[in-house]
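1. everything below, folded, please.
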Amino acid sequence: MGSEGPSVVTVHVTGFKKFHGVAENPTEKIVSNLKSFMEKRGLPKNLVLGSCTVLETAGEGALGTLHKVLETAIADRENSPPAQGQVIWIHFGVNSGAMRFALENQAVNEATFRCPDELGWKPQRVPIVPSDGGISRTRETTLPVNELTKSLRKIGYDVMPSDDAGRFVCNYVYYHSLRFTEQHGIKSLFVHVPLFTTIDEEVQMHFVASLLELLACTN
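-> Down below sits the predicted model:
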């Protein structure tokens with residue numbers, strides 16, 4: 001790649017399996033089908049789609065896999081030529097009551113699960129990372145959420161920025177991801193999607209593809 005071209009952006013994605021009240025999680029299907037969908041659509045020259053991982057919908061249960069894939073991405077970057085450029089993690093989760101997509105600005109250091117996760121854990125008002133301080137501590141993404149939202153709206157998607165990722169497993173994973181990525185100089189974003197009965201699968205797949213294409217232009 002010539003020095004005048006955009007640097008490469010490598011995007012890794014995660015979704016979740018089923019959980020209480022959601023027998024079929026749309027993010028499991030989105031993440032499982034994303035590579036083949038993007039291959040058919042055509043990836044921008046400077047965009048690399050890295051790992052696509054489906055996590056257990058469980059706080060502690062998701063962490064082992066999450067850290068493994070995060071650490072693998074860091075190792076891959078360190079062993080790659082400098083042209084690899086930016087590494088971005090995108091985590092997808094479902095909000096079963098939502099009518100639109102939401103890009104999450106931040107995560108809060110609080111685990112208060114409204115129902116037990118898939119391993120039966122139901123914490124109440126406990127810090128996700130005790131060494132970070134109390135449950136009011138927040139971590140914010142360094143990605144331009146408002147700009148991304150505006151660009152996605154111009155394409156035609158019903159999407160909003162959000163400052164509240166809830167207190168369930170989505171927020172739990174996002175907080176850990178933001179903490180890890182901050183330590184390693186990479187970026188992280190959490191995206192809430194509706195059920196397929198609200199916005200159908202094809203539209204959701206195109207939304208995710210459009211988001212990845214926009215991220216390829218953010219550096």
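
2. quick one, helices of this structure?
-> 26-41, 59-78, 145-155, 169-184, 201-215 (DSSP state H).

3. and the third one, what does it pack onto?
-> Helices and strands in packing contact with helix 145-155 are listed as strand 101-104, strand 159-162, helix 201-215; criterion 3 or more CB pairs under 8 Å, 6 or more residues apart in numbering; DSSP states H and E. C-beta: built from backbone N, CA, C; applies to glycine.

4. contacts for stretch 51-66?
-> With contact meaning CB atoms under 8 Å, 6 or more residues apart in numbering, stretch 51-66 is reached by 12-19, 25, 27-28, 31-32, 34-35, 69, 72-73, 111, 113, 117-119, 121, 123, 169, 172-173, 176-177.

5. just the mean pLDDT for it, thanks.
-> For stretch 51-66, mean pLDDT rounds to 93.

6. any idea which of the helices and strands packed on helix 145-155 is most buried?
-> Highest mean neighbour count of the helices and strands packed on helix 145-155: strand 101-104, a mean of 23 (counted as mean count of other CB atoms under 10 Å).

7. show me what that one pairs with in its sheet, parallel or antiparallel.
-> In the sheet, strand 101-104 lines up against strand 159-162 (parallel), strand 187-193 (antiparallel) (DSSP bridges).

8. can I get the ones you listed in CSV including mean pLDDT and distance to Cys52?
-> As requested, these are arranged in CSV below (pLDDT from 0 to 100; distance: least, CB to CB, whole Å):
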stretch, mean pLDDT, distance to Cys52
strand 159-162, 98, 21
strand 187-193, 97, 14
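
9. out of the ones you listed, nearest to Val94?
-> For the strands paired with strand 101-104, proximity to Val94 was assessed by CB to CB; strand 187-193 is nearest, at 5.8 Å.

10. beta-bridge partners for the residue nearest to the spatial centre of the chain, please?
-> Closest to where the C-alpha atoms of the chain average out (CA atoms, centre = their mean) is His91, at 1.5 Å. Beta-bridge pairing for His91 (DSSP bridges): Thr14, Phe190.

11. that one touches Ser177, doesn't it?
-> Yes: contact criterion CB atoms under 8 Å: His91 and Ser177 qualify, at 6.1 Å.

12. anything in contact with each of those two?
-> Common neighbours of His91 and Ser177 (CB under 8 Å, 6+ apart) are 188, 190.

13. one step back: adding distance to Asn79, write the helices and strands packed on helix 145-155 out as JSON lines.
-> Below are the helices and strands packed on helix 145-155 laid out as JSON lines (distance: least, CB to CB, whole Å):
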{"stretch": "strand 101-104", "distance to Asn79": "31"}
{"stretch": "strand 159-162", "distance to Asn79": "35"}
{"stretch": "helix 201-215", "distance to Asn79": "22"}
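
14. and these: which comes nearest Asn46?
-> Of all the helices and strands packed on helix 145-155, it is helix 201-215 that lies closest to Asn46, at 10.3 Å by CB to CB.

15. alright, calling it a day.
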